[in-house]
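**Student:** just to be clear, the model below is a prediction. Sequence and coordinates:
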Amino acid sequence: NFTSDELVDKTLEELERIHGDRSSFKADLVRAFPAVKEGERITAVFLPQKGVRFYYNGTKTAVINSASFAREFFDIWLSDKTSEPKLRRKLLGLNA
């Protein structure tokens, strides 16, 4: 279980750790991330050269029309600077 504030704050913390301050996207992230409970799902879809679209249990919650933000957002998990290297390897299909 995560509150919206927890999800937004952790996302901004990770973005800042990798790319610097991205607090200008906070309002967008608040719309993107409702509180979630076990069994619920938030999905982010990368839109090449456009941005990122977010869904909560299949319902669109937000679109951030910034290609650079979209790349930076997915860097949280996919960059070699991720705080979760085991998850990164799994997501990329690499041997752990």
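**Tutor:** Looks like it came in fine. Numbers count the residues shown, from 1 in each chain.
**Student:** could you use CA atoms for every contact and neighbour count after this?
**Tutor:** OK.
**Student:** residues in contact with the residue positioned nearest the centre of the chain?
**Tutor:** Taking CA atoms, centre = their mean as the criterion, Phe73 is the residue nearest the geometric centre of the chain, at 4.9 Å. With contact set as CA atoms under 8 Å, 6 or more residues apart in numbering, Phe73 has these partners: Thr11, Leu15.
**Student:** pLDDT below threshold where in the protein?
**Tutor:** 96 (pLDDT under 70).
**Student:** strands of that one, residue ranges please.
**Tutor:** 42-47, 51-56, 59-64 (DSSP state E).
**Student:** distance to Leu29 and mean neighbour count added to those strands, as a markdown table?
**Tutor:** Shown next, in a markdown table, are the strands of the chain (distance: least, CA to CA, whole Å; neighbours: other CA atoms under 10 Å):
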| stretch | distance to Leu29 | mean neighbour count |
| --- | --- | --- |
| strand 42-47 | 11 | 16 |
| strand 51-56 | 9 | 19 |
| strand 59-64 | 8 | 16 |
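**Student:** out of these, nearest to Ala32?
**Tutor:** In terms of CA to CA, the element of the strands of the chain nearest to Ala32 is strand 59-64, at 4.8 Å.
**Student:** which elements pack onto the helix ranked longest in the chain?
**Tutor:** Secondary structure of the chain per DSSP state H: the longest helix is helix 4-19. Contact analysis of helix 4-19 by 3 or more CA pairs under 8 Å, 6 or more residues apart in numbering; DSSP states H and E lists helix 26-32, helix 67-78 as its packing neighbours.
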